[in-house]
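Chemist: Okay, predicted coordinates and the sequence, questions at the end:
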Amino acid sequence: MSAELPSDVRTLLSELTTWHFRLPVHHFAPLTGHTVEADALLYGELGYADETLFLYGYCVGEDEYCFLYDTPWDEVHRALNGTSPNEWYDGLVMPRAFRVRYSVSAPERHEMVDPLLRSMMERPYRYLGTRAAVARPLTATAEEVLRDIDRWDERLRYLRRGRYLVPQDVSQTAEWTPAVARFGGLVGRGEAEYAHYRYEVGGTSYVFAVKTVPPISRMTPSDHSPQASRKRRRAHLALARRQEQGFRLLSSGQEIGVRFNPKEPAEHVLGAPMLPAGAPPLDIDPSTGVYQLEPIVFPRSK
């Protein structure tokens, strides 16, 4: 007996390899009856194995209707072939706002108004379902994102630039410029709990959000490489706990030492809390990513 298809978009996206091919396949067809035009958003690319998909959605009232467009190629291997043959989406920058037209009686039925994206209608799509909408996804302030972080959690990877908080070459940070960041507190809950902080460079305020619990905390023994010993797995989990505890020990408004790259001020590493004097630096797992909420910068298109 097959498992029942989850009803929430978050689960479907996070467990894409399990549910993708169980999602019903739909084909674009002429709309009938009363229709309405609306703003839509092409979030970006996701996929697994040889599947390359585009996530997009549009809002109807307080709900966002979400879909997956299945590209005709395994884009990783097509790229190795010099992106040959050519496709309509080559060079397409995402996230991208566009317009759709949908049926009032069945809002999940739609068609593309954007001339370039009308090429998507030549292939089938999969309907994920609806999720709570967010306001102004491309221009929302840090305050707005943090206020609705439970909704933004699954969108951040597409809508705000992310980077590893621990650079691959840690030795280079010794030459970076020291500064003081101010801890803003914790927002969200569970896997969507974030710590946020800010610092200023040349009158520009940089605001960041980082998950209190790194991804390795959810890893099972089978997620590790076969060569990973039980001791190494325990060390990973211990580091995840220290990271979470470190953020929880900070108070809103507390100052933290940082070092930022003078050539790219958003690139930085967290140091130690300024008080008490001599406090140890925060333990940050190398897999931890931080999202830049302000100034707004979109992820690099693949």
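Modeler: Sure, I can see it.
Chemist: helix or strand for the closest residue to P30 other than its chain neighbours, which one?
Modeler: Sequence neighbours aside, E111 is the residue nearest to P30 in space, at 7.8 Å (criterion: C-beta to C-beta, 6 or more residues apart in numbering). For every residue, glycine as well, the C-beta is placed using N, CA and C. E111 is part of strand 110-112, with elements assigned from DSSP states H and E.
Chemist: what's that strand packed up against?
Modeler: strand 96-103 (3 or more C-beta pairs under 8 Å, 6 or more residues apart in numbering; DSSP states H and E).
Chemist: other SSEs contacting the strand it packs on?
Modeler: Using 3+ C-beta pairs under 8 Å, 6+ apart, strand 96-103 is in contact with strand 35-48, strand 51-60, strand 110-112.
Chemist: These: which one's closest to F183?
Modeler: Distance to F183, taken as C-beta to C-beta, is lowest for strand 35-48 among those, at 29.8 Å.
Chemist: In the closest one, which residues are buried?
Modeler: T35, A38, A40, L41, L42, Y43, G44, E45, L46, G47 (16 or more other C-beta atoms under 10 Å).
Chemist: Looking at those residues, spot the one nearest P178.
Modeler: Using C-beta to C-beta, those come closest to P178 at G44, 34.6 Å.
Chemist: Strands along the stretch 101-250 of the chain, start to end?
Modeler: For the stretch 101-250 of the chain, the strands defined by DSSP state E, counting those that start in this stretch cover 110-112, 125-132, 162-164, 177-187, 194-201, 204-211.
Chemist: what's in contact with the longest one?
Modeler: Okay, so that is strand 177-187. 146-147, 149, 193-201, 209, 212, 247-248, 250-262, 268, 270-271, 274 (C-beta atoms under 8 Å, 6 or more residues apart in numbering).
Chemist: Then the last one?
Modeler: The list of residues contacting strand 204-211 from outside it, by C-beta under 8 Å, 6+ apart, reads 142, 145-146, 149, 156, 165, 187, 191, 193-200, 260, 265-266, 268, 288-295.
Chemist: For A279, find the nearest of the helices and strands packed on strand 96-103.
Modeler: That would be strand 35-48 among the helices and strands packed on strand 96-103, by C-beta to C-beta, at 38.6 Å.
Chemist: hang on, isn't E111 packed against H27?
Modeler: No: counting by C-beta atoms under 8 Å, H27 is not a contact partner of E111; they are 11.5 Å apart.
Chemist: thinking again about what came up before, same list (the strands of the stretch 101-250 of the chain) but as TSV, adding mean pLDDT and distance to R300.
Modeler: Formatted as TSV, the strands of the stretch 101-250 of the chain follow (pLDDT from 0 to 100; distance: least, C-beta to C-beta, whole Å):
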stretch	mean pLDDT	distance to R300
strand 110-112	98	25
strand 125-132	97	25
strand 162-164	94	10
strand 177-187	97	24
strand 194-201	98	21
strand 204-211	98	17
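Chemist: Go through those strands and name the closest to P6.
Modeler: In terms of C-beta to C-beta, the element of these nearest to P6 is strand 125-132, at 8.7 Å.
Chemist: which other residues reach the closest one?
Modeler: Under the contact criterion C-beta under 8 Å, 6+ apart, strand 125-132 has outside partners 7-10, 12-13, 20, 23-28, 62-70, 108, 151, 154.
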